[in-house]
Structures are given as C-alpha cells and as structure tokens.
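Asks: need a 3D model of the following:
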Amino acid sequence: MSLSLPLDCPPRRLFLIDGLGALLTASLLAFVLVPLERYFGMPVRVLYPLAAVAGLFALYSLLCYARFPANWRLYLRGIAVANLSYCVLTAVLVVYFWQQLTVLGVLYFVGEMGVVSGLVAVEVGIYRRKLLK
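Replies: Residues are numbered from 1 along each chain as shown. Predicted structure coming up:
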C-alpha cells in the first residue's frame, strides 16, 4: 500500500485530503503540542497562531470540497501557495526558536513540513496536469 497521492487524484478529493490534513495539524498544535510544550519547545504564543492558520486552511479546503467551484484550479493554486507559505513560516520559526526546540519538536516540525511539501507537490502536479488537458 502506497501513501502517495497519484497525479490522477480527483481535484475535489484533493481538497478533502488537504482540509482534513489541515484540521489534523490545527488539532495537534492546539491540543497536543500546547499542553506538552515543554516536550516540544515551541512557545505557546507561537503554537496557537499556527493552529489558527491551519484551521483557516482547513476551512478553506473543506469549503472548496463541499462546494467544488467550477474554477477549482484557481482555488487549488491558492491552497498550494498557502501551504507552501506555511512551510516557509514553519522553517523560519524552527530556525528562530532552534535553541528552545527539543529533538521531538524538531522532528515534529520537520515532519510536518515534509508532509505539507509533498501535498503541495501533488497539488501543483494536478493543477498543471489538468491545465494541459
């Protein structure tokens, strides 16, 4: 069984996957990392805004899934750019708070960036592939 998303994944389903992933991220940040801040090292004052951003991304993607707009390419490009921006922001925060982060914190945030970057690659691939058809 492969965990990768094929480039023929229906765009509507991709919005669902993105939205559920963002919801998971928001939940982990707010309900796991915040109470266990000392084990991860990222300050609570940073975790809550990150969770809020992930929550907004979840809302965006789940609304796109529910309504599936005719011009879905524009919305897919929007969430891909937002996800990539989130990865850049996370990388900046990891560098900025490097001295405070624990090994577990670094592993969490690097893993999160890897998953989100992989999703961005699929989103861009589907955007381009559907654009060429």
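
Asks: buried residues in the longest helix along the chain?
Replies: Of all segments of type helix in the chain, defined using DSSP state H, the longest is helix 103-132. By neighbour count with 16 or more other CB atoms under 10 Å, helix 103-132 contains the buried residues 105-106, 108-109, 112-113, 116, 119-120, 122-127. C-beta coordinates here come from the backbone N, C-alpha and C atoms, glycine included.

Asks: ditto for stretch 49-66
Replies: Buried residues in stretch 49-66, counted by 16+ other CB under 10 Å: 50-51, 53-55, 57-58, 60-62, 64-65.

Asks: what of stretch 90-98?
Replies: For stretch 90-98, a neighbour-count test (16+ other CB under 10 Å) marks 90, 93-94, 97 as buried.

Asks: restricted to helices, list those.
Replies: 90, 93-94.

Asks: quickly find the element holding residue 42.
Replies: Here residue 42, judged by DSSP states H and E, is contained in no helix and no strand.

Asks: that older thread, turn the buried residues of stretch 49-66 into a markdown table, columns for pLDDT and secondary structure.
Replies: Formatted as a markdown table, the buried residues of stretch 49-66 follow (pLDDT from 0 to 100; DSSP: H, G, I helix; E, B strand; the rest coil):
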| residue | pLDDT | secondary structure |
| --- | --- | --- |
| 50 | 98 | helix |
| 51 | 98 | helix |
| 53 | 98 | helix |
| 54 | 98 | helix |
| 55 | 98 | helix |
| 57 | 98 | helix |
| 58 | 98 | helix |
| 60 | 98 | helix |
| 61 | 98 | helix |
| 62 | 98 | helix |
| 64 | 97 | helix |
| 65 | 98 | helix |
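
Asks: and the two most separated of those?
Replies: Based on CB to CB, the longest span within the buried residues of stretch 49-66 runs between 50 and 65 and measures 22.4 Å.
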